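1. Structure of the sequence below:
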Amino acid sequence: MTRSRGSRPLTPDPLAEYDDLRRGSGLIGNMVLFFVLLGLGAIIIYWMLSDISGEYQIPGRGPEIRMSLVRQPTNVWGELSFGPGAILRLITTDPPQTELVKFTFETPSKWLKGGQKPRRVSFVGTLKEGVLNGKFFEGTKVVPVHMERNPYTSVYRQIEAHLPWQLWQRYLESQQENGTDR
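-> Prediction:
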């Protein structure tokens, strides 16, 4: 069999498929999907930045006073590291309806020794644009504070708090504290 010049087999046109996609619904579908994902991302970021959830601390100082809050649909869960001692848990779980914030933190009963009284710290202040201004009250001690939200740990806390095993662990802890342990 002899080969003749110029009789190579025809190869498909690589641009023909691209032209079909460009003219067809593939490009429109990809554009719609992109804008839907972009919109969802913007809504999620806006929600995370406008919510009370986050990790608050005094700027320029170490973690002497650190408040961690996570807002869930019907309640708020939180912890407070306030001076020496155990981390305190939030016992007022109603989410704030206005800029005025009132929280009470207490030592969890499982961390108390027999006959020991729980430590109780209250916070009263305002929340505006990720900044908590107010006062901590512990007995007769009053500590005025200006706490700012740390954006990196706040995002981490929000993601961590909504993982299924974290929700289940909180549910079990609340059942034990209410005395309805099975």
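
2. quick one, what contacts the residue nearest the centre of the chain?
-> By CA atoms, centre = their mean, the mean C-alpha position of the chain lies nearest to Gln158, the distance being 1.5 Å. Counting by CB atoms under 8 Å, 6 or more residues apart in numbering, Gln158 makes contact with 48, 51, 53-54, 70. Heads up, the C-betas are built off the backbone N, CA and C, glycines and all.

3. secondary structure class for it?
-> helix (DSSP: H, G, I helix; E, B strand; the rest coil).

4. And it, how far from Ala86?
-> 24 Å (CB to CB, to the nearest Å).

5. what's the answer for Thr93, then?
-> 19 Å.

6. do Leu112 as well
-> 9 Å.

7. now swap in Val131 and tell me
-> 27 Å.

8. Could you do Leu132 as well?
-> 22 Å.

9. One more: Phe136?
-> Distance, Phe136 to Ala86, by CB to CB: 16 Å.

10. Pick out whichever of those two has more residues nearby.
-> Each of Phe136 and Ala86 has its neighbours counted (other CB atoms under 10 Å); Phe136 has more, 22 against 13.

11. Assumed the more buried one was part of a strand.
-> Yes: applying three-state DSSP, one finds Phe136 inside a strand.

12. Run through the bridge partners of it.
-> Beta-bridge pairing for Phe136 (DSSP bridges): Phe123, Val143.

13. Could you list the low-confidence segments of this structure?
-> Filtered on pLDDT under 70, the chain yields the residue ranges 1-26, 48-50, 61-63, 174, 176-182.
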